[in-house]
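**Student:** structure, please.
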Amino acid sequence: MTPGDTSELAPRQTSRRALALFAGHRRAIGVLGLAVLVSALLGLGIPLLTKVVFDHALFPPGGHPRVGLLGLLAAAMIAFGLLGGIASVWQTYLANVVGQEVMRDLRDQLYAHLQGMSLRFFTSTRTGEIQSRISNDIGGVSRAVTDTFAVLLSDTVILITAVVAMAILSWELTLLSLALLPVFGVFLRRVGRMRRELAAEIQRLLAEMSVAAEETLSVSGALLSKISSRGEDAVERYREMSRRLSRLRVREQMVGRTFLGLTITFLTIMPALVYLVAGATIASGAAPHLTAGTVVAFVALQTRLYGPTREILDISLEAQASMALFARVFEYLDVAHDVVDAPDARTVTREQVRGRVALRHVYFSYEARREGERAWTLEDVSLEIEPGQLAALVGPSGAGKTTISYLIPRLYDPAAGAVEIDGRDIRSIRLSSLADVIGMVTQDTYLFHDTLRANLRYAKPGASEEEIERAARAAQVHERILEMPDGYDTVVGERGYRLSGGEKQRVAIARVLLKDPRILILDEATSSLDTLNERLVQAALTPLMHGRTTIAIAHRLSTILSADVIFVMDRGRLVARGTHDELIAGGGLYAELYRHQFGEGSREVAAF
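**Tutor:** Sure, this is the predicted structure:
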């Protein structure tokens, strides 16, 4: 199943899975059920006492009211009312606790599941769509669970106990009162299907709006919108989606309201029918057990059904709509993790890793071109890097250099072949420990909207102030940080936009230095910087590369002239390997790239 297609989750299956969420809370639900039962039984007390009041206190067989008994019964009715109110508050509290715990589990499960997805999932799914599932869908489900579950459980118990009490008083009148329920059930099912379809459409639209907001209101999106003068277009697009949402919301609320109105009207006129039928029955002498007190108590019980019946019908429609939200959440939970730990995967420590990296006949594709045919991004690539070496990957754009950098930390798995560290297939190493021994500095540095200290500590949460400053000094950024208004407590802004490109890169280098990996990957770490910042970042990279296996990807060949080995990639294949001098002497693609950048016979001093 692909994200965005909820049609494969049948309503019954979705309902079963939604109910299964409560399985881990049986004890709390048991206590809640007890509270609901107590509250419902206390609620029956007043209608049943009404029968005694009429038949034995107000209008006893002797004809004179029995004031003493009437006082006791009135006191009992007051006590039942007070205890019922306390029980109602207690059950509401318990229901909300259960509902919130269920939603906490679902929210945590979804977030943890998404954290375990490979990079492939995030490159093929829009960020706004993911955020919509977590916020809009989980939020809608949360309201349904906390509100619906509490009310539905309470009202169901009230209805059952009230109907049982009514049947005890008069089964004939009870059958009359419930005669049209099957008809209502048929209508309810049809209306519920319509609400479910509308809810699914609303959630899809909300996801589109989340995507639009995320894309146009982020720093990068806002900048592009302003320099392209497309702000008005973005506003109009969002306004149109907002209009569609308003219309859908109105339709969602109005679907079934006519049905609910007819149901409530029927319940409202039922007491008149009961009085009419009961009066005719008493007059004919066909039911001697019917007394005035019985009829009054029966109508009181019947009236007690109005609120719960209306709420259950309304909630049933809402529950049908919430199934669409559950389906969207379950849809993401059903997306399988494609990069996972093997059953026998082992943990490795930094001290155990020497840093030999190898690719053995690796094939990889981001997506299938046609059934049974792949457009290979990497095709039969084999290479080996010795511990402590500086290895460079060069080649035209799209040659597969960055893809190799993704395979080594296992952000993706190859379709065939193997990636090895120290002769061990990385699929036999736990993902968490693999991440601990590999560090990466990319061209597009990501910083959180937080302080510099928090961004640095992301690599090593327990790092001391001394360790943080030492890493910043080594990365040539400590002095610059001290010049900032709040030093290490300076908030860097969304994606670090308050820092220059060179400053962000040096902060990223300091962060990797804190991590202290055995294998370092540099993916175009300086290609977007000006000459001054490039030199600063290159100076910061020197201590970072010392004593580590380093794999550098660069378009600027000046940055890798002193590499121990250079691998030349072209159209997903490894076409040459050697030192700079060997590759120049051998001609071929590398020599052509070098002449293109520097001209015939030129040579720049190595930066590393």
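**Student:** walk me through the domains of this protein.
**Tutor:** 6-333, 350-446+509-598 (automatic domain parsing).
**Student:** between the ones you listed, which has the poorest average model confidence?
**Tutor:** For those, mean pLDDT drops lowest on domain 6-333, to a mean of 77.
**Student:** quick one: the helices in the stretch 51-200 of the chain, in order.
**Tutor:** 67-115, 119-124, 127-132, 138-143, 149-169, 171-177, 181-217 (DSSP state H, counting those that start in this stretch).
**Student:** next: the stretch 501-608 of the chain.
**Tutor:** Going by DSSP H, counting those that start in this stretch, the stretch 501-608 of the chain shows helices at 501-515, 531-545, 580-586, 588-598.
**Student:** name the helices or strands packed onto the last one?
**Tutor:** Contacts of helix 588-598 with other secondary structure elements, assessed using 3 or more CB pairs under 8 Å, 6 or more residues apart in numbering; DSSP states H and E, are made with strand 565-570, strand 573-578, helix 580-586. For glycine as for every other residue, the C-beta is placed from the backbone atoms N, C-alpha and C.
**Student:** state the distance from Thr268 to Thr161.
**Tutor:** As judged by CB to CB, to the nearest Å, Thr268 and Thr161 stand 22 Å apart.
**Student:** which one of these two has more residues nearby?
**Tutor:** Thr161 (19 against 11; other CB atoms under 10 Å).
**Student:** got a list of what that one touches?
**Tutor:** Leu37, Ala40, Leu41, Gly43, Leu44 (CB atoms under 8 Å, 6 or more residues apart in numbering).
**Student:** repeat that for 10 Å
**Tutor:** Val36, Leu37, Ser39, Ala40, Leu41, Gly43, Leu44, Leu301, Arg304 (CB atoms under 10 Å, 6 or more residues apart in numbering).
**Student:** between these, which is nearest Arg133?
**Tutor:** Val36 (32.2 Å; CB to CB).
**Student:** so which elements touch the helix or strand containing the closest one?
**Tutor:** Here Val36 is covered by helix 26-52, with elements defined by DSSP states H and E. Under the contact definition 3 or more CB pairs under 10 Å, 6 or more residues apart in numbering; DSSP states H and E, helix 26-52 sits against helix 67-115, helix 149-169, helix 292-304.
**Student:** which of those sits closest to Arg247?
**Tutor:** That would be helix 149-169 among the helices and strands packed on helix 26-52, by CB to CB, at 28.1 Å.
**Student:** quickly find the element holding Gly417.
**Tutor:** Here Gly417 sits within strand 416-421, counting by DSSP H and E.
**Student:** likewise for Leu359?
**Tutor:** Leu359 belongs to strand 357-364, assigned by DSSP H and E.
**Student:** buried sites along that strand?
**Tutor:** Val357, Ala358, Leu359, Arg360, Val362, Tyr363, Phe364 (16 or more other CB atoms under 10 Å).
**Student:** re the thing from before, could you dump the domains of the chain into a markdown table and include distance to Lys460?
**Tutor:** As requested, these are arranged in a markdown table below (distance: least, CB to CB, whole Å):
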| stretch | distance to Lys460 |
| --- | --- |
| domain 6-333 | 19 |
| domain 350-446+509-598 | 4 |
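**Student:** show the contacting residues for the residue lying closest to Leu407 once chain neighbours are set aside.
**Tutor:** In this structure, Leu407 finds its nearest non-sequential neighbour in Val419, 5.2 Å apart by CB to CB, 6 or more residues apart in numbering. When contacts are counted by CB under 10 Å, 6+ apart, Val419 is found next to 357-360, 362, 364, 381, 404, 407-410, 412-413, 425-427.
**Student:** so His580 sits against Phe598, correct?
**Tutor:** No - with contact defined as CB atoms under 10 Å, His580 does not reach Phe598; the gap is 11.7 Å.
**Student:** shared neighbours, these two?
**Tutor:** Leu557.
**Student:** more neighbours: which of the two?
**Tutor:** Using other CB under 10 Å, the more surrounded residue of His580 and Phe598 is His580, with 19 against 13.
**Student:** for the residue nearest to the more buried one when sequence neighbours are not counted, give its distance to Gly439.
**Tutor:** Spatially, and ignoring its direct neighbours in sequence, His580 is nearest to Leu561 (5.0 Å; CB to CB, 6+ apart). Per CB to CB, Leu561 is found 23 Å from Gly439.
**Student:** same check, this time on Val492
**Tutor:** 20 Å.
**Student:** neighbour count for these two, which is higher?
**Tutor:** Taking other CB under 10 Å, Val492 and Gly439 do not tie; Gly439 has more neighbours (25 against 21).
**Student:** that older thread, identify the farthest-apart pair in the buried residues of strand 357-364.
**Tutor:** Largest pairwise distance in these, by CB to CB, is 17.8 Å, between Val357 and Tyr363.
**Student:** how about Ala391, secondary structure?
**Tutor:** Following DSSP: H, G, I helix; E, B strand; the rest coil, we place Ala391 in the strand state.
**Student:** isn't it right up against Thr549?
**Tutor:** Yes - the pair Ala391 and Thr549 qualifies as a contact (CB under 10 Å) at a distance of 7.6 Å.
**Student:** centroid residue for the chain?
**Tutor:** Centroid check for the chain by CA atoms, centre = their mean gives Ile134 as the closest residue, at 3.3 Å.
**Student:** show me what contacts that residue?
**Tutor:** Here Ile134 is in contact with Arg107, Leu110, Tyr111, Leu114, Ser210, Val329, Tyr332 (CB under 10 Å, 6+ apart).
**Student:** what distance do you get for the second one to Val491?
**Tutor:** In other words, Leu110. 29 Å.
**Student:** who has more neighbours, the two?
**Tutor:** Legend: neighbour count by other CB under 10 Å for Leu110 and Val491, higher for Leu110 (19 against 16).
**Student:** can you pull the contacts of the more buried one?
**Tutor:** Leu110 neighbours (CB under 10 Å, 6+ apart): Ile130, Arg133, Ile134, Asp137, Ile138, Val329, Phe330, Tyr332, Leu333.
**Student:** can I have the buried ones of those as a PyMOL selection?
**Tutor:** Applying 16+ other CB under 10 Å to those leaves a buried subset, and the PyMOL line that selects it is:
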select buried, resi 130+133+134+137+138+329+330+332
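**Student:** what about the closest residue to Gly81 other than its chain neighbours, neighbour count?
**Tutor:** Spatially, and ignoring its direct neighbours in sequence, Gly81 is nearest to Ile46 (6.5 Å; CB to CB, 6+ apart). Neighbourhood size, Ile46 [other CB under 10 Å]: 19.
**Student:** Ile46 against Arg304, yeah?
**Tutor:** Yes - if you go by CB under 10 Å, Ile46 and Arg304 touch, sitting 8.9 Å apart.
**Student:** that older thread, show the buried residues in the contacts of Thr161.
**Tutor:** Looks like these have Val36, Leu37, Ser39, Ala40, Leu41, Gly43, Leu44, Leu301, Arg304 buried, using 16+ other CB under 10 Å.
**Student:** show the contacting residues for the last one.
**Tutor:** What that stands for is Arg304. Contacts of Arg304 by CB under 10 Å, 6+ apart are Ala40, Gly43, Leu44, Ile46, Pro47, Ile158, Leu159, Thr161, Ala162, Ala165, Met166.
**Student:** mind doing that once more with 7 Å?
**Tutor:** Gly43, Pro47, Ile158, Ala162 (CB atoms under 7 Å, 6 or more residues apart in numbering).
**Student:** for Pro60, which non-adjacent residue is spatially closest?
**Tutor:** Arg66 (5.7 Å).
**Student:** from Phe80, how far out is that neighbour?
**Tutor:** Applying CB to CB to Arg66 and Phe80 gives a distance of 20 Å.
**Student:** now swap in Ala212 and tell me
**Tutor:** 55 Å.
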